[in-house]
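Asker: Below are the sequence and a predicted model; questions follow.
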Amino acid sequence: MHTYAERAAARPRAAEPVILGIESSCDETAAAVLRGRTILSNVVRSSAAEQAKYGGVVPEIASRAHVDVVDEAVLAAVREAGIEKEEIDAVAVTYGAGLLGALLVGLSFAKSFAFALGVPLIAVNHIRGHMAAAYLADTSLEPPFITLLASGGHTAVLYTKSYTESEILGSTRDDAAGEAFDKAARVLGLPYPGGPNVEKLAREGEANIPFPKMFRGNGFDFSYSGLKTAVINYCHNCAQKGESIPRADVAASFQSAACGVLADSAVEAALQKGCKTVAAGGGVVANGYLRALLAERCARAGIRLVLPEKKYCTDNAAMIAAEGLMQYRAGNFADLTVNACAHIPLGKKGKQ
């Protein structure tokens with residue numbers, strides 16, 4: 001008796017498949033439709049305003065919000081795409097990493113939707129979704145190239161060998177870049193979400209505080225713990241002395257240190273690997289200062305830079321559908337027994 005995935009693999013595959021993507025790993029409920037690499041629709045329903053009342057994401061609130069809107073978001077994506085449900089060739093959904101309860105809502109809906117249509121189900125690693133967003137930014141993009149991944153949970157430099165295989169050249173040894181931004185925001189008394197508010201405050205200041213340069217270990221490994229500690233100590237020392245904290249200057253100085261090593265590492269990796277292209281993905285890549293820095297460093301080195309629009313750097317379903325497209329073409333389909341996974345390690349150096 002064949003499994004659902006085996007039956008799906010036996011189906012004829014479309015040259016330009018219509019992929020429905022569903023994302024529910026945190027506080028955004030998202031759905032999108034792609035035809036090949038063309039975005040037909042991209043719908044996001046966020047509970048961030050509700051979460052901000054509590055200073056961060058409350059898993060139970062996020063899960064309940066997903067339950068309330070997932071069906072509406074998916075139907076809106078199909079409607080805005082101008083297609084009928086029967087035209088969908090596969091359903092791609094985030095199965096991890098993320099908040100377990102939140103993941104289960106999107107995954108359960110996707111299983112039912114795929115089964116009802118009789119189309120393949122594709123289980124997508126959220127992090128690979130961030131990496132795949134580059135294919136939407138430049139539909140001519142082809143491996144090999146260097147990928148800079150900078151999100152709330154992961155920070156890494158990868159050598160993208162093919163559409164489905166990457167080699168990890170280096171990753172964070174402690175906090176991810178997004179976590180460091182969030183912790184700096186809390187020290188500075190900024191509201192949720194931390195990253196965008198640090199960037200906003202930094203525009204009012206100068207990067208004139210000599211925070212230590214980011215530690216980079218062997219190869220392209222990162223460590224944000226020293227920079228995070230330096231920011232905390234600086235603010236605490238100001239408070240102990242009865243001095244006002246130059247919050248805007250702290251934000252600008254932190255941002256400069258945190259982003260500088262990301263841009264430098266991406267360019268160095270490209271030069272080392274002989275790649276002519278650097279792509280970037282993840283929520284931190286929505287940061288305007290980092291985007292400008294990457295553009296400047298890549299231009300200086302004669303390297304092409306591929307950056308997704310900011311709305312495709314933060315959590316969205318178009319990137320999930322994009323990764324789904326790559327897995328569809330490789331014939332990597334999931335069974336209906338696939339389960340949500342809260343933690344998916346980026347992996348050791350090498351194949352990802």
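Answerer: Great, that's in hand.

Asker: Touching, T3 and A334? I think so.
Answerer: No. Between T3 and A334 there is no contact under C-beta atoms under 8 Å: 9.7 Å. Quick note: C-beta positions are derived from backbone N, CA and C, even for glycine.

Asker: Can you get me a residue count around the closest residue to L100 other than its chain neighbours?
Answerer: Distances taken as C-beta to C-beta, 6 or more residues apart in numbering put A342 closest to L100, at 4.4 Å, once the chain neighbours are dropped. A342: 14 surrounding residues under other C-beta atoms under 10 Å.

Asker: Wasn't A342 part of a helix?
Answerer: No. Counting by DSSP: H, G, I helix; E, B strand; the rest coil, A342 falls outside a helix, being coil.

Asker: For the chain, which residue occupies the most central location?
Answerer: G282 (3.2 Å; C-alpha atoms, centre = their mean).

Asker: Bridged to S166, which residues?
Answerer: Judged by DSSP bridges, the bridge partners of S166 are T160.

Asker: ok so, going back, looking at T3 and A334, which one has more neighbours?
Answerer: A334 (24 against 13).

Asker: I'd assumed A123 was in contact with the more buried one.
Answerer: Yes. The pair A334 and A123 passes the contact test of C-beta under 8 Å, sitting 4.0 Å apart.

Asker: Quick check: neighbours shared by the two?
Answerer: Residues within reach of A334 and of A123 at once, by C-beta atoms under 8 Å, 6 or more residues apart in numbering, are Y95.

Asker: domain assignment for the protein?
Answerer: 4-132+316-351, 144-310 (automatic domain parsing).

Asker: Span of the longest one from start to end?
Answerer: In terms of C-alpha to C-alpha, to the nearest Å, the two terminal residues of domain 144-310 are separated by 23 Å.

Asker: avg pLDDT for that domain?
Answerer: The average pLDDT within domain 144-310 is 95.

Asker: quick one: that domain to chain centroid distance?
Answerer: 14 Å (C-alpha atoms, centre = their mean, to the nearest Å).

Asker: still on that earlier bit, just to check, the residue nearest to the centre of the chain is in contact with K310?
Answerer: No. Contact between G282 and K310 fails when scored by C-beta under 8 Å: they sit 11.6 Å apart.

Asker: hmm, back to that, ramachandran coordinates for the residue nearest to the centre of the chain?
Answerer: phi 110, psi 160 (degrees, to the nearest 10).

Asker: Ok, which of the domains of the chain comes nearest D138?
Answerer: Evaluated over those, closeness to D138 peaks at domain 144-310, with 4.8 Å, by C-beta to C-beta.

Asker: And the contacts of stretch 153-161?
Answerer: 97, 127, 131, 143-149, 166-172, 176-179, 220, 222, 224, 262, 265-266, 269, 273, 275, 279, 282, 284, 346, 352.

Asker: follow-up on the earlier one: show me what contacts the residue nearest to L100?
Answerer: Neighbouring residues of A342 by C-beta under 8 Å, 6+ apart: 96-100, 103.
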